[in-house]
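Student: From the sequence below, what's the structure:
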Amino acid sequence: MMKLDELKGIGPKTIKKLQEASINTVEDLLLCFPKRYDVHHLNQLDHVLLNEEIQVEVKVISKPSIFFIRKNLTKMIVNVEKAHFRFRIVIFNRHFLSPVLFKGQNIVVYGRFKQNLSTFIAHDMVLSKNYQEGIIPVYQIKDIPERKLSKAIQDVLHSQYPIQEFIPSYILEDRQVLEINEAIRYIHQPQSSMELERAKYRLKYQELLKFAMRIELIKSQKMTSLRLKKNYDIDKVRELIRHIGFELTNAQKKATNEIFSDLKSPYQMNRLLQGDVGSGKTIVALLAAYATVTASEQVALMAPTLVLAHQHFQVFNQYLAPLGVRIVLITSELSVSQRNQIAHQVKKHHYDIIIGTHSLIQDSQAFNKLGMIIIDEQHRFGVEQRKRLREKGVYPDVLMMSATPIPRSLAISIYESSDISQITEKPA
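Tutor: Numbering: from 1, shown residues only. Model (predicted):
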């Protein structure tokens, strides 16, 4: 198979720079996609407007004049013509081009006429022989000239170096998706915006397909992770529901049933509870927490802010403390000695529900038979933070709450390989 050092113009120095950009093989080079595309199209001056960005080919009619304004700032003025229309070009910090801008040289300039049609303010210029019309990929690999990188990629494409296709042909046909080698050619050599869009569609489809397959694998592995079912006291839970002082909405009842169905399962719960602020997510989480406590297991509730942690502590105390549930609040407001004392008590199972902020994921904080984790506004915690809390128990059920609307919450649920319960109505 072809190697990088076999490509014309790619020497040891360039290979080292490519390796620094994680490009180690010819296949890596083909899979190095452009950061953006520039559209090159020559304009005519028949109907040009002031302040309109254009690209125009002109002929140099006199030697450039260079002015050194201050350190690191030069101005070059070049007199040009196009079809007997003469004007001057003003461009900054391009004085190094003056030796090749001799009389009769054809160049392409990028810029605009700002105040009148006698002065063209340019931000770039190239010799006409180096100008390329069409959709031009821009790779932006550090310390590697665009032309050199583009030339190397074009050489590989010309050699028809094959990338292995992993999507079955029947799926490609059914979904009207490009074959991978065709998509890569379109990505690097788009002849039209339609080709570019078709190539992007293929790459996005491929990424999502791999992602979905990975999620299904995670779910299948999760279904093999058996744990002991929660032997919670449903009569106590029903008694609490009768005495909370209000009727649950239909959406709350549905979400509660979905959660309790998970608790009965021999598999770990991983559920996202989504609903607007005021929709009643907390009372649903409270019922799930109480069921876990009746099964002689602990519950950890992590909130992103002190205010939310205090609110949850007050609500849980209001409904559960009269039932003998022992609840504690752990935050940064506590002294080191207080936190150490509580940590010791939690480890001895002197508390059933532990509410806190990031304090819950400290190494010093251990639990005794942690059966459920509730994470409020879960998108405000990092993946590592959520993972550290989960690892403090053995397959603890996980209930995440979020008021962030779909589709973001839906996306997060996919990343977390979780199920979704939605509360779509607010209490009266």
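
Student: what are the ranges of the strands in the stretch 101-250 of the chain?
Tutor: 106-113, 119-127, 134-138 (DSSP state E, counting those that start in this stretch).

Student: first to last residue in stretch 133-152, what's the distance?
Tutor: 19 Å (CA to CA, to the nearest Å).

Student: Report the mean per-residue pLDDT for that stretch.
Tutor: Across stretch 133-152, pLDDT averages out at 91.

Student: repeat for stretch 287-303
Tutor: On average, stretch 287-303 scores 93.

Student: Please point out which parts of it sit buried.
Tutor: 287-295, 297-303 (16 or more other CB atoms under 10 Å). To be clear about C-beta, it is placed using only N, CA and C from the backbone, and glycine gets the same treatment.

Student: Next: stretch 6-20.
Tutor: Those buried within stretch 6-20 under the rule 16+ other CB under 10 Å are 7, 10, 14-15, 17-18.

Student: Quick check: which ranges of the chain have low pLDDT?
Tutor: 1, 215, 218-228, 378-391, 393, 404-418, 428 (pLDDT under 70).

Student: please redo it, this time with the cut-off set to 50
Tutor: 408-409 (pLDDT under 50).

Student: Longest helix in the protein, please.
Tutor: Ranked by number of residues, the top helix in the chain under DSSP state H is helix 193-222.

Student: can you give me the strands for the stretch 251-400 of the chain?
Tutor: Using DSSP E, counting those that start in this stretch, strands in the stretch 251-400 of the chain cover 270-275, 298-302, 327-330, 353-356, 370-376, 397-402.

Student: okay, these in TSV with distance to Asp262 next?
Tutor: TSV is the format used below for the strands of the stretch 251-400 of the chain (distance: least, CB to CB, whole Å):
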stretch	distance to Asp262
strand 270-275	6
strand 298-302	14
strand 327-330	23
strand 353-356	19
strand 370-376	10
strand 397-402	7
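
Student: I'd like to know which of those is closest to Lys103.
Tutor: When the strands of the stretch 251-400 of the chain are ranked by proximity to Lys103, the top entry is strand 397-402, at 68.3 Å, counting by CB to CB.

Student: quick one: the closest one to strand 270-275, angle?
Tutor: 30 degrees (axes from the mean of the first three to the mean of the last three CA atoms, to 10 degrees).

Student: Could I get the phi/psi values of Phe68?
Tutor: Backbone dihedrals for Phe68, given as degrees, to the nearest 10, come out at phi -90, psi 100.

Student: Tell me the secondary structure at the nearest residue to it once chain neighbours are set aside.
Tutor: Distance criterion CB to CB, 6 or more residues apart in numbering; nearest residue to Phe68, sequence neighbours excluded, is Thr74 at 5.5 Å. The three-state assignment at Thr74 reads strand, by DSSP: H, G, I helix; E, B strand; the rest coil.

Student: neighbours around the residue nearest to Asp262 when sequence neighbours are not counted, how many?
Tutor: Using CB to CB, 6+ apart and skipping the chain neighbours, the partner closest in space to Asp262 is Met269 (3.7 Å). Residues near Met269, counting by other CB atoms under 10 Å, number 24.

Student: list the contacts for Met269?
Tutor: By CB atoms under 8 Å, 6 or more residues apart in numbering, Met269 lies in contact with 259, 262-263, 372, 397-399.

Student: Let's see that with 7 Å instead.
Tutor: By CB atoms under 7 Å, 6 or more residues apart in numbering, Met269 lies in contact with 262-263, 397-399.

Student: With Phe102 instead?
Tutor: Val60.

Student: Now do it against Ile91, distance only.
Tutor: Computed with CB to CB, to the nearest Å, the distance linking Phe102 and Ile91 is 16 Å.

Student: now Ile354
Tutor: Separation of Ile354 from Ile91 (CB to CB): 67 Å.

Student: swap in Ala21?
Tutor: 31 Å.

Student: Of those two, give the one with the bigger neighbour count.
Tutor: Counting neighbours by other CB under 10 Å for Ala21 and for Ile91 shows that Ile91 has the greater number, 22 against 17.

Student: Could I get the contacting residues of the more buried one?
Tutor: Ile91 neighbours (CB under 7 Å, 6+ apart): 76, 122, 125.

Student: ok so it is a strand residue?
Tutor: Yes: assigned with three-state DSSP, Ile91 falls within a strand.

Student: For it, name its beta-bridge partners.
Tutor: Beta-bridge pairing for Ile91 (DSSP bridges): Met76, Ala122.

Student: Equivalent analysis for Lys59, please.
Tutor: In this entry, Lys59 is beta-bridged to Glu81, Asn106, by DSSP bridges.

Student: rewinding a little: so which of the contacts of Met269 is the closest to Pro145?
Tutor: For the contacts of Met269, the nearest to Pro145 is Val398 (50.3 Å; CB to CB).

Student: you'd agree the closest one is up against Leu273?
Tutor: No: if you go by CB atoms under 7 Å, Val398 and Leu273 don't touch, sitting 10.8 Å apart.

Student: These two - which one has more neighbours?
Tutor: Taking neighbours as other CB under 10 Å, Val398 and Leu273 compare with Leu273 leading, 28 against 22.
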